[in-house]
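Colleague: predicted coordinates and the sequence they were generated for:
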Amino acid sequence: MAELFKAPLVRRPSVIDQHLAQLLQAVCIEVQAGNELIEDGILSQLIELLDTDRAERAAEIIAEMAKSEDNRITFIQQEVIPPLVNLVQGSAPHVLRQACRALGNMCFESQTGRQIVFTEGGVAALAIRLRELQPRENTSKGENDIHYMLCGSLHTICMDHEEVQREAISHGMVQSLMEYLKHSTDPTVLRFSLNIISTFFDLGDQITDMAFELNTVPIVAKILKSQEDESVREAAVDVLGNYNFLSKPLTQMQLYQSGVLSILVDIINTSLDESACDALDRSACEILVVVISHDGIAQLVFEDTNFDMVAEALRWLNGYQEHLKGTGAVVIGNLATSDLRCAALASNPQLVDSLLAALHCDYSSDEMMAKVKHAALSALRNLSICETAKKTLRPHLPILLSYIRSDMPMLIFKAVACVRALVRGSKAIATDLASDKQLVKVVVELPDRFKYHSGIQGEAPRLLSTLIVEATQTSETISELVSTGVVPVVLKMTQTKEYPKIQVEGWLAIQKILNLLKDHEAVLSAGVFSSCEECLSDETNPNVRILALNIIRMVSGSLKGKETMDALKKHLARLLTNEEDIPAQQLAKEIKESLN
């Protein structure tokens, strides 16, 4: 190789083209040759050639050399990027192609290179050329190659560099890329364009809103329908599945209206006979689940006679692929969010059986077991809210109770919620469960066992209050129930001011306990008065305030201590002057009179 470097390139114009061809061949064959070029001072001559009619070949040689990480570092130090940026501006397409290659290779995994391109105005220059050279009908192979290099270099330069991305967007790159997606048929160009847009989405709402206004969903949906190239389909699904984009209800509705759900189902079904889902299948599952979580779309899907989502979900649920079992259960759970849909779903005997069967399956890992069973329990919980479904589910209560006694908080949470829904409205079941002292103790201990699980913190007390209110109780049975420690747990419900409905449930349970207990000491020692005080402020929901006052009325004869009585009289005095809450005023008057 050494003989190629003996004579300076620019001093031998008669043989320069031959010499450049030899250099290109050398660096293509052997990466190490690029290092020799740098060591022998040829790099500075190549940089000079970038400003001549041999710029294309010089940029091509630099592009090949820049495949080496060591060479990239040297090129950045030797300021090769600025003349390449200059070459982008106004050069012929064939020269632009090699300049893009060189810049893209130089910025590969190099934040320094990306920053220099940005500082030198390269991002703006590339954005302008991207707009100028937009694809058209019957694009030639040569034009496709230029589009490929433009989009490929921009993808590399924009990667993981927010400042570069914002600069590109400010120069209309999103709009230009949309034109490429609408008119290009080249898989590589489409893939790079989609990847760049997906990267931009991570910048937040401003970009996702812009993409929505540019009709990104229908454009990408068309690509997803027409393209068979796996990498393009993956890139399209990545765009549609970007959380910042997908989380918007308008995006979800556009996805449904564009017919994307049936395409996603087709993608998912290609993996039915495989042992595991690939990345594309998993992304398709995630998008499908999120879109159907939109209640309006769930109803549209449910009513769609051309698209039987329930049948597809059951197909996945009854299959042997674990990830699809979970997806099938989540889809059913998302559909079961209204009474009418729940009733229709519950009328399908196969559906409940399939969800219960998912609870009995063996899984390849604890993580997968937890995911699938959580999805199945979530679906059963949603179904159990509907009166029609309760009849079908109540015979399977022992299975659900077994999960309350498990060690997996995500399963305990859903099982408790499901049992609570099934207990509501059934005096017999409530009475039976309330008499199971061991079960009640397990539920009482759940909030302390799982202090950092907000779902359990909310659902365990609600199940206890439901058992108290719904069950047939006597003084003896309520006393047994109180001995398990339910009162402090239920009292916590009364302090959830952001959820007045839960406060009401808690106070109704406490009220029933006080009605049946002969001795109120167990309730008083749990701090019932201080809990009542917290619910007497003007900001408290009026229904909650009345219930708290009623509890005070019930225990007023048992209240002791000067500090407690003084606090009570202070609250009563304030409520007696509150003309905006007449019921509370009247009840405060009754309590004051009883104290006298």
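Modeller: Alright, I've got the coordinates.
Colleague: below-threshold pLDDT in the stretch 1-150 of the chain: ranges please.
Modeller: The stretch 1-150 of the chain contains residues with pLDDT under 70 at 1-14, 31-40.
Colleague: what about the helices in the stretch 301-450 of the chain?
Modeller: 309-317, 322-335, 339-346, 349-360, 366-384, 387-393, 397-404, 409-423, 427-434, 437-449 (DSSP state H, counting those that start in this stretch).
Colleague: could you say which helix or strand contains I552?
Modeller: Assessed by DSSP states H and E, I552 sits inside helix 542-555.
Colleague: just after that helix, pick out the following helix or strand.
Modeller: helix 562-576.
Colleague: could you dump whichever helix or strand comes after that following helix to CSV, C-alpha only?
Modeller: Heading C-terminal from helix 562-576, the first helix or strand you meet, by DSSP H and E, is helix 582-595. Extracted C-alpha coordinates of helix 582-595, given in CSV (Å, rounded to 0.1, in the frame of the first residue of the first chain):
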residue,chain,number,x,y,z
ILE,A,582,-78.8,23.1,57.1
PRO,A,583,-78.7,19.2,57.7
ALA,A,584,-75.3,19.5,59.4
GLN,A,585,-76.6,22.5,61.4
GLN,A,586,-79.6,20.5,62.7
LEU,A,587,-77.5,17.5,63.6
ALA,A,588,-75.0,19.7,65.5
LYS,A,589,-77.9,21.1,67.4
GLU,A,590,-79.2,17.6,68.4
ILE,A,591,-75.7,16.6,69.5
LYS,A,592,-75.3,19.8,71.6
GLU,A,593,-78.7,19.2,73.3
SER,A,594,-77.8,15.6,74.1
LEU,A,595,-74.6,16.8,75.8
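Colleague: for the chain, which element, helix or strand, carries the lowest mean pLDDT?
Modeller: One helix or strand of the chain scores below all others by mean pLDDT, DSSP states H and E: helix 32-39, with a mean of 65.
Colleague: wait, doesn't C535 sit right on N550?
Modeller: No. Contact criterion CB atoms under 8 Å: C535 and N550 do not qualify, at 10.8 Å. No exception for glycine: its C-beta is placed from N, CA and C like everyone else's.
Colleague: next, show the common contact partners of these two.
Modeller: Shared contacts of C535 and N550, defined by CB atoms under 8 Å, 6 or more residues apart in numbering, are found at W507.
Colleague: quick one: which of those two has more around it?
Modeller: Shown here are C535 and N550; by other CB atoms under 10 Å, C535 has more neighbours (24 against 17).
Colleague: any idea how far the residue lying closest to that one once chain neighbours are set aside is from L464?
Modeller: Nearest residue to C535, sequence neighbours excluded (CB to CB, 6 or more residues apart in numbering): A548, at 3.7 Å. Look at A548 and L464: by CB to CB, to the nearest Å, they are 19 Å apart.
Colleague: extract the residue ranges of the chain that are flagged as low pLDDT.
Modeller: Judged by pLDDT under 70, the stretches of the chain that qualify are 1-14, 31-40, 275.
Colleague: repeat that for 80
Modeller: 1-16, 19, 26, 28-41, 137-139, 271-277, 595-596 (pLDDT under 80).
Colleague: ok, I399 touching L359?
Modeller: Yes. If you go by CB under 8 Å, I399 and L359 touch, sitting 6.4 Å apart.
Colleague: circling back: can you add distance to L133 and mean neighbour count and give the helices of the stretch 301-450 of the chain back as CSV?
Modeller: Converted to CSV, the helices of the stretch 301-450 of the chain look like this (distance: least, CB to CB, whole Å; neighbours: other CB atoms under 10 Å):
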stretch, distance to L133, mean neighbour count
helix 309-317, 43, 20
helix 322-335, 42, 26
helix 339-346, 51, 18
helix 349-360, 53, 17
helix 366-384, 47, 22
helix 387-393, 59, 18
helix 397-404, 60, 17
helix 409-423, 52, 24
helix 427-434, 71, 18
helix 437-449, 64, 17
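Colleague: D581: neighbouring residues, count only.
Modeller: Using other CB under 10 Å, D581 has 17 neighbouring residues.
Colleague: I'd say it and P542 touch.
Modeller: Yes. The criterion here is CB under 8 Å, and D581 meets it with P542 at 6.0 Å.
Colleague: backbone dihedrals for S537, please?
Modeller: Backbone torsions of S537, given as degrees, to the nearest 10, read phi -70, psi 160.
Colleague: got the contact list for the residue nearest to C535?
Modeller: 494, 507, 531-532, 535-536, 540.
Colleague: are any of the residues you listed buried, and if so which?
Modeller: By neighbour count, with 16 or more other CB atoms under 10 Å, those hold 494, 507, 531-532, 535-536, 540 as buried.
Colleague: in TSV: these, plus secondary structure.
Modeller: Formatted as TSV, these follow (DSSP: H, G, I helix; E, B strand; the rest coil):
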residue	secondary structure
T494	coil
W507	helix
S531	helix
C532	helix
C535	coil
L536	coil
T540	coil
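Colleague: neighbouring contacts of stretch 321-328?
Modeller: Counting by CB under 8 Å, 6+ apart, 268, 271-272, 274-277, 281-282, 285, 288-289, 312-319, 354, 358, 361, 363-364, 368, 371-372, 375 sit against stretch 321-328.
Colleague: and if you look at stretch 527-534?
Modeller: 487-488, 491, 494-495, 510, 548-549, 551-552, 555, 559, 564, 567-568, 571.
Colleague: highest neighbour count among these?
Modeller: I510 (28 neighbours).
Colleague: ok, it - contacts?
Modeller: Per CB under 8 Å, 6+ apart, neighbours of I510: 487, 490-491, 494, 523, 528, 551.
Colleague: closest one of those to F108?
Modeller: Distance to F108 across the contacts of I510 (CB to CB) is lowest for T494, with 60.7 Å.
Colleague: ok, now how distant is the residue nearest to that closest one when sequence neighbours are not counted from I197?
Modeller: Of all residues not flanking T494 in the chain, G506 sits nearest, at 4.2 Å (CB to CB, 6+ apart). As judged by CB to CB, G506 and I197 stand 49 Å apart.
Colleague: do the same with A221
Modeller: With CB to CB as the criterion, A221 and I197 are 14 Å apart.
Colleague: those two: who's more crowded?
Modeller: More crowded of A221 and I197, by other CB under 10 Å: I197, with 26 against 20.
Colleague: just to check, that one is in contact with L177?
Modeller: Yes. Taking CB under 8 Å as the definition, I197 is a contact partner of L177 at 5.7 Å.
Colleague: of all the helices of the stretch 301-450 of the chain, which lies closest to Y499?
Modeller: Using CB to CB, the helices of the stretch 301-450 of the chain put helix 409-423 closest to Y499, at 14.5 Å.
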